[in-house]
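Participant: everything below, folded, please.
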Amino acid sequence: MGDEALIQGVSWLTSLLNLQGLTATVTAEQISDGGGDSCWLTINHRDLSSEQIQSLIGESGVVLDAIQYLANTTLNLGKGDGQQQAFTIDLAGYRAQRLQELQALAQEAAQQVLSTGQEYELKGLSSAERRQIHQFLSEQSGLSTFSRGKEPDRRLVVCLTSTD
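Facilitator: Residues are numbered from 1 along each chain as shown. Okay, the predicted model is just below:
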């Protein structure tokens, strides 16, 4: 299943880029991330101009997130839960850089809540980014996280674990 998913992912993403008039090499790698395996599809940034890279990433990664959503939806269409594959799309190291930023945000929120006892809201995160911060802080003693509000104004809240 893994190799087939990698091949399908590369083919799908290459076709999408070609439809946009872009010629770029796509590589694939199976990565275990603790919660299961993920297929990482990486667009070679050396094949693109800086304007094309920025256009594909979009402001705050919104375009890259949309491409990733399309990949996950399209490539898993008609597959049962046990056959579905998680796809992550990366370009120019954006995902690793954003992961570091999210970890720093999570730490800042945790420190703020632990020192003040007050809730801390994180705004402007995608659902995937909220999930990552939930995961980062899930093992932090004394803290809880939950989401509040409705899209597009959904926020992640970090608070002290209730003791009642």
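Participant: check which helices and strands the helix ranked longest in the chain sits against.
Facilitator: Identified as the longest helix of the chain according to DSSP state H is helix 94-116. Helix 94-116 is packed against strand 120-122, helix 127-137, strand 143-148, strand 155-160, with contacts defined by 3 or more Cβ pairs under 8 Å, 6 or more residues apart in numbering; DSSP states H and E. C-beta here means a position set from N, CA and C on the backbone, and glycine is covered the same way.
Participant: again, only using 6 Å
Facilitator: strand 120-122, helix 127-137 (3 or more Cβ pairs under 6 Å, 6 or more residues apart in numbering; DSSP states H and E).
Participant: extract the C-alpha set from the last one and format it as CSV.
Facilitator: Spelled out, that is helix 127-137. Only the C-alpha atoms of helix 127-137 are listed here, as CSV (Å, rounded to 0.1, in the frame of the first residue of the first chain):
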residue,chain,number,x,y,z
SER,A,127,-7.5,23.0,11.8
ALA,A,128,-4.3,21.0,11.2
GLU,A,129,-2.2,23.6,13.1
ARG,A,130,-4.7,23.5,16.0
ARG,A,131,-4.4,19.7,16.1
GLN,A,132,-0.6,20.0,16.2
ILE,A,133,-0.7,22.4,19.1
HIS,A,134,-3.3,20.2,20.9
GLN,A,135,-0.8,17.3,20.5
PHE,A,136,2.2,19.4,21.6
LEU,A,137,0.5,20.4,24.8
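Participant: fine by me, thanks again.
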